[in-house]
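Peer 1: pasting the sequence and the predicted model now:
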Amino acid sequence: MKLFEYMAKEIFRMHGLPVPDGYVVESAEDIRDVRNPVVVKSQVPIGGRGKAGGIKFAESTETAREEAKGLLGSEVRGYRVKHILVEEKLDINDEFYISIMMDRSTRMPLLIASADGGVEIESVPENRIFKRTIDPTIGYNPYIGRELTKFTGLTGDTAKQVSFIAGKMYEIFRSEDAELVEINPLVLTEDGRVIAADGKMTINDDSLFRHPEYKGRDEELTPIERKAREKGIAFIQLDGDIGVIANGAGLTMATLDSLSLHGGKAGVFLDLGGTDSPEMVKSAFELMMEADPKVIFINIFGGITKSDTVATGLREALSSMDVKVPIIARIKGVNEERAIEILSSVGITAVSSLAEAAEIAVRRRNEAAGGD
Amino acid sequence: MAIIVNENTRLIVQGITGHQGQYHTGAMKEFGTNVVGGVTPGKGGMEVLGVPVFDTMREAVSATGANASIIYVPARFLKDAAFEAIDSGVKTVVIITEHVPVHDAMEILAFSHRKGVRVIGPNCPGIASPGKAKVGIMPNAIFKEGSTGVVSRSGTLTYEIVNSLTEAGIGQSTAVGIGGDPIIGTTFINALRMFQDDPQTERIVMVGEIGGTAEEEAAEFIREYVTKPVYSYIAGRTAPPGKRMGHAGAIIAKGRGTAESKIKALESVGVKVAKVPVEIADLIKKDI
């Protein structure tokens, strides 16, 4: 789950990591009297806002409200702006980069820093980037900050502040179960303060059970995706029109790939995962119907999820709903005979080869679409 | 031979009294696995399918001489169970549990590294060496003993591919599902090295998917170390960027982790890459 800048900064502030004075509004009228120059920042979960016109400056209350009005409801890099962060404008002397992320290759937290901030870190030369894994059983210690500031050439009070911030970031990374905590730019002001001018955080979805405070704050999902998440089903809306229900992420992706080889395009990716409850299958099917697919393609390889469990859930869903969409099923694995029997009782013929089923699904889709 | 699990594996099931634990204890015994004990705190003294249950891993290991464990406990209790396993003296720990917090996974793996314990998973289907032992949840019927090693990030897609190999008469030395999470204990590279060193294994099937750079790193390792033929399938050619495709690790971020990049890296070191899962069996058949 990606946090908006204002949410990340709330967390920074709580941990004592310096951020600019500011507040978030949902309406331009809520902007308070402007005494010193402010930055008006649209809140979207994507980088490159500045270039896309999502960040404005204002020196009066009127212009601040005017700019906010223009941004609210507009689209910045594909995201509709619902929140505006109003912040003091910093007098910038220098800009740095600093982040902590989980590193898949070393399987450890990785601290990255550079004296070249304010630009995409990918564009900074390797020899200007400080990289340091942190053993999660030992955690951050001040010597890591000394290594960082030595490498980046920071000295004196600036070095002290940056080390302090690195430590705070690690504390946040751990306590919030983050996958990423990033500050770009980390600003050195004219008066010598080091402040997080931006803030980006991604919280690990699998850790949300121990962070009830984030419940309902994920604004990136479509309404059906949100409903699916609440039910514990992986449901992703795509831009085709074949609804795919499969068990296991790899198999679901392989199903999408097979459809595309036959010229079809999935509109929904629905992974049942390792469920063994017909109820779950039924609600997955109901969600699928909400997405309004032209054809539904079910691909099950029974393991933890037994084939007949899926068939039973499907039968229950079909008996309680009026489904006119063609359904193609491909069933294999644990209890497949029983599953095929149950499905044929509700008029669905199951195929055992994935390639054949994919071909039929695409054909039925083209029939249903009337040859468009 | 085979890799990691074989006829000498002596297994403890952590979470044996739960629904999944019981079901899969039965299935693993049918496969031929020597399940020597189970652990569920507070249930010591019971028996499940003739297997003695202990309260702690330490007790179980000292009573049975176990050298491996498999963990079925729910994600929120996983860290404790995994630490307990790693600290108990077993050499291999297979973590089936899905939705494990990444910070827990990082800590578990740092500890296992220090203790010299092999962790497979989390969020994996486990490992099976047909004719010898299975420590996992894969369906028994899909396997056939043979000389093809299989390593995969997926669960059900592994079943799909192993099944199609078996139907084509191609048996397996060992099939290992390393898991779909971004942070996992056993990597492609670890498995490739073991398959290369295993006399029973004559060829290797590597099933990857979008997200991360594990396949690219594996390609580099194949160039340096692997002389046996390698076949591959990469799931997610049609996945859009920025969407997490079911597995926590399956995401194309900032243009990295695409299927094209992985396929290119693998093909450049001589790996034959199939377009659909079942094509792997066809590619192998052509060569033997």
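Peer 2: Perfect, I can see it now.
Peer 1: domain-wise, how is the chain divided?
Peer 2: Went with chain A since none was named. Structural domains of chain A, as assigned by automatic domain parsing, span the residue ranges A:21-88, A:92-213, A:223-368.
Peer 1: wrong one, I was asking about chain B
Peer 2: In the domain annotation for chain B, the residue ranges read B:10-120, B:138-287 (automatic domain parsing).
Peer 1: how about those domains, which one is nearest chain A?
Peer 2: The stretch from the domains of chain B with the least distance to chain A (CB to the nearest CB) is domain B:138-287; that distance is 2.5 Å. Every C-beta, even on glycine, is put in place using the N, C-alpha and C of the backbone.
Peer 1: one step back: okay, the domains of chain B in a markdown table with mean neighbour count next?
Peer 2: Converted to a markdown table, the domains of chain B look like this (neighbours: other CB atoms under 10 Å in any protein chain shown):
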| stretch | mean neighbour count |
| --- | --- |
| domain B:10-120 | 21 |
| domain B:138-287 | 21 |
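Peer 1: for the helix or strand bottoming out on mean pLDDT in chain A, buried residues please.
Peer 2: Among the helices and strands of chain A, helix A:223-231 carries the lowest confidence by mean pLDDT, DSSP states H and E, at a mean of 81. Using 16 or more other CB atoms under 10 Å in any protein chain shown as the burial criterion, the residues of helix A:223-231 that qualify are A:Ile224, A:Glu225, A:Lys227, A:Ala228, A:Arg229.
Peer 1: equivalent analysis for stretch A:162-178, please.
Peer 2: Neighbour-count burial for stretch A:162-178 flags A:162-174, A:176-178 (criterion: 16+ other CB under 10 Å).
Peer 1: tell me which of those residues fall in helices.
Peer 2: Cross-referencing those with the helices (criterion: DSSP state H) gives A:162-174 as the overlap.
Peer 1: helices of the stretch 201-350 of chain A, residue ranges please.
Peer 2: In chain order, the stretch 201-350 of chain A shows helices spanning A:223-231, A:249-261, A:278-290, A:307-320, A:336-345, with DSSP state H, counting those that start in this stretch as the criterion.
Peer 1: spell out which residues of the stretch 51-200 of chain B are next to chain A.
Peer 2: The stretch 51-200 of chain B comes close to chain A at residues B:75-76, B:98-103, B:105-107, B:109-111, B:114, B:125, B:137-139, B:142, B:152-160, B:163, B:180, B:182-184, as judged by CB under 8 Å from any CB of the partner chain.
Peer 1: where does the prediction get shaky in chain A?
Peer 2: Low-confidence regions of chain A, defined here as pLDDT under 70, cover residues A:217-220, A:371-372.
Peer 1: give me phi/psi at residue 49?
Peer 2: Going with chain A. For A:Arg49, the backbone dihedrals are phi -70, psi -40 (criterion: degrees, to the nearest 10).
Peer 1: my question was about chain B, not that one.
Peer 2: Note on B:Leu49: its backbone torsions stand at phi 50, psi 40 [degrees, to the nearest 10].
Peer 1: from what I can see it touches B:Lys29, true?
Peer 2: Yes: if you go by CB atoms under 8 Å, B:Leu49 and B:Lys29 touch, sitting 6.6 Å apart.
Peer 1: chain B versus A:Arg80, what's the distance?
Peer 2: Look at A:Arg80 and chain B: by CB to the nearest CB, to the nearest Å, they are 16 Å apart.
Peer 1: contacting residues for that residue?
Peer 2: Contacts for A:Arg80 were tallied using CB atoms under 8 Å, 6 or more residues apart in numbering or on different chains; they are A:Gly73, A:Ser74.
Peer 1: try it again with 7 Å
Peer 2: Contacts were defined as CB atoms under 7 Å, 6 or more residues apart in numbering or on different chains; by that measure A:Arg80 touches A:Gly73.
Peer 1: and it, what are its bridge partners?
Peer 2: A:Glu75 (DSSP bridges).
Peer 1: contacts only, for B:Gly249.
Peer 2: Residues in contact with B:Gly249 (CB under 7 Å, 6+ apart) are B:Gly180, B:Asp181, B:Pro182, B:Gly211, B:Gly212.
Peer 1: now the closest residue to A:Pro293 other than its chain neighbours: how far from A:Phe297?
Peer 2: Closest residue in space to A:Pro293, ignoring its immediate chain neighbours: A:Gly243 at 3.2 Å, by CB to CB, 6 or more residues apart in numbering or on different chains. Applying CB to CB, to the nearest Å, the value for A:Gly243 to A:Phe297 is 7 Å.
Peer 1: ok so, going back, near chain B, from the buried residues of stretch A:162-178?
Peer 2: Taking CB under 7 Å from any CB of the partner chain as the test, chain B is in contact with A:Arg174, A:Asp177 out of the buried residues of stretch A:162-178.
Peer 1: out of the buried residues of stretch A:162-178, the closest to B:Val36 would be?
Peer 2: Proximity of these to B:Val36 (CB to CB) peaks at A:Asp177, which lies at 35.7 Å.
Peer 1: not counting sequence-adjacent ones, nearest residue to that closest one?
Peer 2: With sequence-adjacent residues excluded and distances taken as CB to CB, 6+ apart, A:Asp177 is closest to A:Ser207, at 3.4 Å.
Peer 1: and what of A:Arg13?
Peer 2: What sits nearest to A:Arg13 in space, not counting adjacent residues and going by CB to CB, 6+ apart, is A:Val19, at 5.4 Å.
Peer 1: that neighbour: neighbour count?
Peer 2: With neighbours defined by other CB atoms under 10 Å in any protein chain shown, the count for A:Val19 comes to 21.
Peer 1: got the contact list for it?
Peer 2: A:Val19 makes contact with A:Lys9, A:Phe12, A:Arg13, A:Ile195, A:Ala196, A:Gly199 under the criterion CB under 7 Å, 6+ apart.
Peer 1: in chain B, which residue is most central in space?
Peer 2: For chain B, the residue sitting closest to the mean C-alpha position, by CA atoms, centre = their mean, is B:Gly177 at 2.8 Å.
Peer 1: my read is that A:Pro278 contacts A:Glu316, right?
Peer 2: Yes: the criterion here is CB atoms under 7 Å, and A:Pro278 meets it with A:Glu316 at 6.1 Å.
Peer 1: among those two, which residue is more densely surrounded?
Peer 2: Legend: neighbour count by other CB under 10 Å for A:Pro278 and A:Glu316, higher for A:Pro278 (19 against 16).
Peer 1: which non-adjacent residue is nearest that one?
Peer 2: The spatially closest residue to A:Pro278, leaving aside those adjacent along the chain, is A:Gly313, at 3.7 Å (CB to CB, 6+ apart).
Peer 1: cool, A:Arg174 as well?
Peer 2: In space, not counting the residues next to it along the chain, A:Arg174 is nearest to B:His103; the distance is 6.5 Å by CB to CB, 6+ apart.
Peer 1: which pLDDT value belongs to the one you found?
Peer 2: pLDDT recorded at B:His103 is 97.
Peer 1: that one and A:Met102: what is the separation?
Peer 2: The spacing between B:His103 and A:Met102, counted by CB to CB, is 8 Å.
Peer 1: what does A:Gly54 give?
Peer 2: In this structure, A:Gly54 and A:Met102 are 28 Å apart, going by CB to CB.
Peer 1: now do B:Ile210
Peer 2: Applying CB to CB to B:Ile210 and A:Met102 gives a distance of 18 Å.
Peer 1: A:Met280 now?
Peer 2: For A:Met280 relative to A:Met102 (CB to CB), the value is 29 Å.
Peer 1: between those two, point out the one with more neighbours.
Peer 2: A:Met102 (22 against 19).
Peer 1: can I assume A:Ile224 is in contact with A:Pro293?
Peer 2: No: applying CB under 7 Å as the test, A:Ile224 and A:Pro293 come out as separate, 11.7 Å apart.
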